[in-house]
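# mind folding the following:
(one chain, ligands or ions: 2)
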Amino acid sequence: MRIAVLPGGKVWTLVLRLFPLLFLKATVASPVSRLERAESTDAEGFLEKYGYLHQEDHRHNKVEVTSALREFQWLSHLPVTGRLDSPTLQQMATPRCGVRDRGSQHTWARRVNSIFQGQAAPSGQHRRSKRYSQPGEKWYKRHLTYRIINWPRHLSPGQVGLAVRTAFQLWSNVSALVFQEVAAGPADIRLAFFEGEHNDGTGNAFDGPGGALAHAFFPCRGEWVNLVLTSDMAERWTLDGFKGHNLFMVIAHEIGHTLGLEHSPVRHALMSPYYKKLSKALVLSWDDITAVQQLYGKPSSGQLVQLPGQAFSSALQDLELARGGRGDPDSARPQYCQGFFDAITVDQSGSVLVFRGGLFWSVSAQGNVGAPRPLKHRWPQLPLAIEAAAFSPMDSKFYFFKGRRMWRYSGNDLDPGFPKRSDEVGLPRHPDSAFFYAPLGHMVVFKGSRYFVLNLRTLRPEPYYPRALSDWNGVPRETNGALSWTDGRLYFFRELRFWRFDPGKVRVTGSGQWAQELEWTGCQRPDGANDIL
Ligand SMILES: *[C@@H]1O[C@H](CO)[C@@H](O)[C@H](O)[C@H]1NC(C)=O
Ligand SMILES: [Zn+2]
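Ligands and ions are numbered 1, 2, ... in the order given. This next block holds a predicted model:
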């Protein structure tokens with residue numbers, strides 16, 4: 001279990017990781033590089049933490065480690081090699097749920113078996129459910145209460161309330177379960193947001209930017225269940241945008257655990273151990289639905305009601321618009337200052353435009369922030385939650401990217417022939433960020449470990465691209481946005497941080513917290529007070 005969120009937990013984690021290191025030093029005979037040794041130590045720590053290896057004395061023989069790796073690889077859709085290869089190491093650093101995976105392979109095998117048995121013997125329903133449900137792993141009632149104990153600081157209570165309500169509905173709409181919120185007193189499921197220490201990721205490769213996002217406890221009869229969202233991620237949680245970790249998806253997943261569901265090997269399942277993005281698609285997969293129905297049965301109406309991810313994000317958009325896009329009601333600072341935005345760019349007058357969800361803010365060259373406005377008012381055809389935006393001074397046009405499409409606007413008018421498919425112009429889907437780069441005279445689009453260059457005159461990719469991100473010495477992967485500022489430098493943003501890139505020196509020459517340090521982002525309070533952690 002993830003104890004590291006509780007005070008003092010860090011010490012415990014460290015002790016745990018120390019032992020395998022000593023053990024390896026003493027027993028590894030062949031020359032192994034220090035890096036490999038450190039990797040395998042971290043990996044064993046990871047495999048213990050998520051239930052693939054026992055934790056008794058932190059000693060595992062080769063057979064145990066190989067079989068643990070194979071099981072992990074199977075659940076994670078990797079080639080099953082039993083070796084600690086680079087896809088496996090990478091997967092271990094992917095954001096995931098803090099609940100262990102142990103047993104999920106067996107549970108899933110049983111689930112699939114019973115589907116086939118069910119087809120062969122439709123009268124076996126009663127017998128099957130008796131045989132496959134184990135005491136202590138499910139609730140013995142269908143009507144459950146839940147209570148939100150506290151609210152995360154960086155999100156509005158209204159939005160969190162809606163997210164929680166919708167997440168419970170997701171499950172009750174496809175099963176015989178009924179949930180009721182209670183404001184006080186005892187409840188079967190309690191949701192608590194722990195604002196623990198900030199985990200900076202040093203010294204622990206698997207608790208860095210990825211790491212565990214949340215965990216929940218399985219149901220125990222007669223006891224309350226806590227759902228604990230680790231708050232080292234608090235500021236990276238969003239409800240309205242598509243970048244960052246969507247709190248709704250995380251809550252919906254953890255609720256699955258409190259109902260007794262284990263991790264699913266099905267790639268698009270909500271109960272996959274890896275963080276699933278909110279998209280237009282249905283949130284629950286067939287496997288999630290089968291799993292909850294095997295424990296609790298079908299809805300009494302016989303109807304499954306499923307809400308596509310899109311509908312959920314629109315509901316949150318409406319709520320945010322109604323509130324005028326303010327984050328913390330006590331704070332005068334615009335909401336994007338709390339961390340995430342979808343895209344950022346700067347227009348010819350030197351105004352910075354910040355996009356988030358269905359809104360955009362404009363920060364004048366003097367650092368004054370206007371009220372948020374709906375995207376639709378200025379760029380009528382644009383969808384919510386765009387992924388990248390760039391203004392090009394060369395043609396005075398705005399370019400927007402989302403999914404597999406690109407929009408181009410002259411003023412408020414969408415240019416004829418747009419939106420275009422990104423692959424038509426040689427660009428990737430779902431770009432991270434984009435900006436007009438004067439030294440090249442072209443648009444640069446970042447995506448993962450590569451960047452692409454688009455000639456805006458011909459709307460064709462420039463030859464010899466895409467190239468590796470490493471050309472941009474020091475620029476991190478998965479930036480939220482980027483722009484060329486009037487000081488001639490480029491600024492890259494990711495979550496709360498920024499990186500300043502000097503085109504002359506061809507490398508990053510500075511970094512920091514943008515909301516505090518870059519006045520032109522409009523996030524410094526007029527009185528100079530800073531209330532950020
Ligand atoms: C659940 O079903 C109700 C109506 O049956 C619907 O209004 C609601 O949007 C559904 N919620 C989800 C999360 O699917
Ligand atoms: Zn989980």
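
# rest of the way, CA atoms for contacts and neighbours
Will do.

# low-confidence ranges, the stretch 151-300 of the chain, go.
Applying pLDDT under 70 to the stretch 151-300 of the chain picks out residues 153-154, 194-244.

# that should have said the chain, apologies.
The chain contains residues with pLDDT under 70 at 1-37, 116-136, 153-154, 194-244, 310, 313-314, 316-332, 338-339, 525-533.

# mind checking how far the residue of it found nearest ligand 2 is from residue 264?
The shortest separation between the chain and ligand 2 is 4.4 Å, found at residue 97 (distances taken as C-alpha to the ion). If you measure residue 97 against residue 264 using C-alpha to C-alpha, to the nearest Å, the figure is 12 Å.

# now residue 312
Taking C-alpha to C-alpha as the measure, residue 312 falls 23 Å from residue 264.

# which parts of the protein are helices?
Using DSSP state H, the helices assigned to the chain run over residues 9-27, 34-49, 62-75, 86-92, 104-120, 125-132, 157-172, 247-258, 286-296, 309-322, 375-378, 514-517.

# so what sits against both of residue 97 and residue 264?
Overlap between the contact sets of residue 97 and residue 264, as judged by C-alpha atoms under 8 Å, 6 or more residues apart in numbering, is given by residue 273.

# from residue 249, how far off is the residue of the chain closest to ligand 2?
Shown here: residue 97 relative to residue 249, a distance of 11 Å by C-alpha to C-alpha.

# repeat that for residue 73.
Separation of residue 73 from residue 249 (C-alpha to C-alpha): 24 Å.

# which strand residues bridge residue 402?
Residue 402 has the following beta-bridge partners by DSSP bridges: residue 405.

# for it, give me its contacts.
Contacts of residue 402 were listed using C-alpha under 8 Å, 6+ apart, and they are 385-388, 429-431.

# let me have those in TSV, adding distance to ligand 2 and neighbour count as columns.
Supplementary listing: the contacts of residue 402 in TSV, determined by distance: C-alpha to the ion, whole Å; neighbours: other C-alpha atoms under 10 Å:
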residue	distance to ligand 2	neighbour count
385	26	23
386	28	25
387	27	27
388	30	28
429	28	17
430	26	18
431	28	26
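
# how about those, which pair is most distant?
Greatest spatial distance among the contacts of residue 402 (C-alpha to C-alpha): 385 and 429, at 14.5 Å.

# circling back: okay, the contacts of residue 402 in CSV with distance to residue 419 next?
Compiled in CSV, those are given as follows (distance: C-alpha to C-alpha, whole Å):
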residue, distance to residue 419
385, 16
386, 13
387, 14
388, 14
429, 13
430, 14
431, 15
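
# quick one: which of these is nearest ligand 1?
residue 385 (20.3 Å; C-alpha to the nearest ligand atom).

# the closest one contacts residue 342, doesn't it?
Yes: in terms of C-alpha atoms under 8 Å, residue 385 counts as a neighbour of residue 342; the distance is 6.4 Å.

# all strands for the stretch 151-300 of the chain, in order.
Using DSSP state E, counting those that start in this stretch, the strands of the stretch 151-300 of the chain run over residues 178-181, 189-194, 214-216, 225-230, 237-238, 245-246.

# quick check: the residue most central in space within the chain vs residue 366, distance?
By C-alpha atoms, centre = their mean, the mean C-alpha position of the chain lies nearest to residue 245, the distance being 2.9 Å. Distance, residue 245 to residue 366, using C-alpha to C-alpha: 32 Å.

# ditto for residue 40
Counting by C-alpha to C-alpha, the gap from residue 40 to residue 366 is 52 Å.

# and what of residue 446?
According to C-alpha to C-alpha, residue 446 and residue 366 sit 29 Å apart.

# what about those two, which has more around it?
residue 446 (28 against 11; other C-alpha atoms under 10 Å).

# the more buried one touches residue 430, doesn't it?
No: under the criterion of C-alpha under 8 Å, residue 446 lies out of contact with residue 430, with a separation of 9.7 Å.

# give the contact list for the closest residue in space to residue 286 that isn't next to it in sequence.
Among residues not flanking residue 286 along the chain, residue 269 sits closest, at 7.6 Å (C-alpha to C-alpha, 6 or more residues apart in numbering). Neighbouring residues of residue 269 by C-alpha under 8 Å, 6+ apart: 283-288.

# now these in JSON lines, with distance to ligand 1 and neighbour count?
Below are these laid out as JSON lines (distance: C-alpha to the nearest ligand atom, whole Å; neighbours: other C-alpha atoms under 10 Å):
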{"residue": "283", "distance to ligand 1": "9", "neighbour count": "24"}
{"residue": "284", "distance to ligand 1": "10", "neighbour count": "21"}
{"residue": "285", "distance to ligand 1": "13", "neighbour count": "15"}
{"residue": "286", "distance to ligand 1": "14", "neighbour count": "11"}
{"residue": "287", "distance to ligand 1": "16", "neighbour count": "21"}
{"residue": "288", "distance to ligand 1": "14", "neighbour count": "25"}
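
# looking at those residues, spot the one nearest residue 357.
For residue 357, the nearest member of the contacts of residue 269 is residue 283. The distance, counting by C-alpha to C-alpha, is 19.0 Å.

# I'd assumed residue 312 was in contact with that closest one.
No: assessed by C-alpha under 8 Å, residue 283 is found out of contact with residue 312, at 9.9 Å.

# what's the neighbour count on the nearest residue to residue 39 once chain neighbours are set aside?
In space, residue 39 comes closest to residue 89 once its chain neighbours are excluded; the distance is 7.9 Å by C-alpha to C-alpha, 6+ apart. Taking other C-alpha under 10 Å as the neighbour definition, residue 89 ends up with a count of 17.

# what about residue 89, distance to residue 165?
Distance, residue 89 to residue 165, by C-alpha to C-alpha: 36 Å.

# what do you get for residue 140?
Taking C-alpha to C-alpha as the measure, residue 140 and residue 165 are separated by 22 Å.
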